[in-house]
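Student: Below: sequence and its predicted model.
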Amino acid sequence: MTATAEQFTTTMGEASQAGDVVLDVDDLSIAFPTEEGLVRAVSNLTYQARLGRTLAIVGESGSGKSVSSMAVLGLHNPKRTQITGSIKLDGQELVGASQATFQKLRSTTAAMVFQDPQSSLHPFHKVGRQIAEAYRAHHSVSKAVAQKRAVEMLDLVGIPTPARRALQFPHEFSGGMRQRAMIALGLVNDPKLLIADEPTTALDVTVQAQILDLINDMQKEFGSAVILITHDLAVVAETADDILVMYAGRGVEKGDAKEVLSQPSHPYTHGLLQSIPSASDDATAELKAIRGAPPSLLNLPSGCSFHPRCDFQKLVGAACIDTLPEWRPTPGLTGRELRCHLEDPVATLQNDEGAK
Ligand code: SF4
């Protein structure tokens, strides 16, 4: 790499420091009215993203992880979406904000990298031009200066011969290179928040690791907050500082990513971890999938939404079916929170491990 973030004009305020909250989501609910009824995609979600840290939002498909992040960038059709609660990005309230506000925020304060960069890069425009135009949309500079900035960004994200590559079209790039270009496009205006939605799902394993390393490197370089949306716990272990586990539109467990993965306290997190192979597992050992399927968001189960699939519900009884568990500190674990009625969840799950 020949260029560094310091060489570029930054939009990050001097008062901003690593650890500062840049995104504050509070009691966020998102629903879509349909002919079949109200689809409750996100319910009462609360979390924060901090500068210099990567927050992984994890869950099965339909857990609300992408829907909630799209709301941060104003990507839902306001006529077809009911959004309540609060989303504060860099102190600015976004629930009810105008499209003009979102347009200004997108790519200056927050940017998103999608699973399929082909859907975000314009197929008929050269890659360098797309990055240069995104830069010029927020900076009064000449085309030549913006093109130089685009080449520097391509260099920064590890694209060889960036000046030549800047003059190519997206279809001339490999999948991994397109994802790198997408990250360059996302970071060109030095946003405080980068949301990466399943950024490696479409890539082969070797390229996946390179892209995750790149996101880590870029986060250090730019000092931004990163939200990594994924269903892949191996990706979380590699990349994230903090984790929020979601189930059926609600957060169920949060805390330090490595601690949650090594010692889960919510039965759903425990189930997710049991369903993937670990490095220490016997290759012949059977993986244990969570029984049943996620519920319909049109008709969420009463009480704890996970109760129809939970092996521990019988230890608690009717409370799981009648009463939605509130967030509470995880007993015995500092800095951890969960939503579950189990009296001593950590010991209960550890005993289950031992019983295998
Ligand atoms: Fe299982 Fe009950 Fe905890 Fe929900 S509240 S995860 S059903 S034990």
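Tutor: The structure has been received and is ready for your questions.
Student: Show the model's pLDDT score for E353.
Tutor: Note for E353: predicted pLDDT of 69.
Student: Close to the ligand: what parts of the stretch 151-300 of the chain are there?
Tutor: For the stretch 151-300 of the chain, the contact set with the ligand under Cβ under 6 Å from any ligand atom comprises P267. For every residue, glycine as well, the C-beta is placed using N, CA and C.
Student: Show me the strands in the stretch 151-300 of the chain, by range?
Tutor: Using DSSP state E, counting those that start in this stretch, the strands of the stretch 151-300 of the chain run over residues 193-197, 225-230, 242-247, 250-256.
Student: got a markdown table for those, with mean neighbour count and mean pLDDT too?
Tutor: Converted to a markdown table, the strands of the stretch 151-300 of the chain look like this (neighbours: other Cβ atoms under 10 Å; pLDDT from 0 to 100):
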| stretch | mean neighbour count | mean pLDDT |
| --- | --- | --- |
| strand 193-197 | 24 | 92 |
| strand 225-230 | 26 | 94 |
| strand 242-247 | 26 | 97 |
| strand 250-256 | 24 | 96 |
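Student: For N44, which of the ones you listed is the nearest?
Tutor: The closest of those to N44 is strand 250-256. By Cβ to Cβ, the value is 6.6 Å.
Student: give me the number of residues near L156?
Tutor: The number of residues packed around L156, counting by other Cβ atoms under 10 Å, is 26.
Student: Surely it and E221 touch.
Tutor: Yes. Between L156 and E221 there is a contact under Cβ atoms under 8 Å: 7.4 Å.
Student: From what I see, H76 and S66 are in contact.
Tutor: No. Between H76 and S66 there is no contact under Cβ under 8 Å: 11.0 Å.
Student: where in this structure is pLDDT low?
Tutor: Along the chain, segments meeting pLDDT under 70 span 1-16, 107, 117-119, 278-286, 353-356.
Student: Just the helices from it, written as ranges.
Tutor: Taking DSSP state H, the helices of the chain run over residues 65-72, 99-105, 127-136, 143-156, 162-165, 175-187, 205-222, 233-239, 257-262, 267-274, 313-316, 319-322, 345-355.
Student: Please name the residues that touch the residue in the stretch 1-150 of the chain positioned nearest to the ligand.
Tutor: Going by Cβ to the nearest ligand atom, the ligand is nearest to G59 of the stretch 1-150 of the chain, at 13.8 Å. Going by Cβ atoms under 8 Å, 6 or more residues apart in numbering, G59 touches K65, H231, V245, M246, Y247.
Student: now swap in P78 and tell me
Tutor: Each residue near P78 by Cβ under 8 Å, 6+ apart is listed here: Q99.
Student: measure R339 to S43 for me?
Tutor: 11 Å (Cβ to Cβ, to the nearest Å).
Student: between the two, what contacts are shared?
Tutor: Common contacts of R339 and S43, defined by Cβ under 8 Å, 6+ apart, comprise R250.
Student: ok, back up a step: who's more crowded, H76 and S66?
Tutor: Counted by other Cβ under 10 Å, H76 and S66 do not tie: S66 has more neighbours, with 21 against 16.
Student: my guess is that one contacts T201, does it?
Tutor: No. With contact defined as Cβ under 8 Å, S66 does not reach T201; the gap is 11.7 Å.
Student: hey, what's D197 bridged with?
Tutor: I229 (DSSP bridges).
Student: start the count at 5, not 1, going forward
Tutor: Sure thing, new numbering starts at 5, so read that last one as D201.
Student: Enumerate every residue touching it.
Tutor: The contact partners of D201, by Cβ under 8 Å, 6+ apart, come to S70, S73, M116, V117, F118, Q119, I233.
Student: run the last query once more with 10 Å
Tutor: 61, 69-70, 73-74, 116-120, 231-234 (Cβ atoms under 10 Å, 6 or more residues apart in numbering).
Student: can you list the helices of the chain in TSV and add distance to S124?
Tutor: As requested, these are arranged in TSV below (distance: least, Cβ to Cβ, whole Å):
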stretch	distance to S124
helix 69-76	13
helix 103-109	16
helix 131-140	9
helix 147-160	15
helix 166-169	17
helix 179-191	6
helix 209-226	15
helix 237-243	20
helix 261-266	27
helix 271-278	28
helix 317-320	42
helix 323-326	41
helix 349-359	40
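Student: Name the nearest residue to the residue in the stretch 105-254 of the chain that the ligand sits nearest to, ignoring sequence neighbours.
Tutor: Closest residue of the stretch 105-254 of the chain to the ligand, Cβ to the nearest ligand atom: Y251 (8.6 Å). What sits nearest to Y251 in space, not counting adjacent residues and going by Cβ to Cβ, 6 or more residues apart in numbering, is Y272, at 5.0 Å.
Student: same thing with I231?
Tutor: I199 (4.6 Å).
Student: Please apply the same query to H270.
Tutor: Leaving aside its chain neighbours, H270 sits nearest to E257 (3.9 Å; criterion: Cβ to Cβ, 6+ apart).
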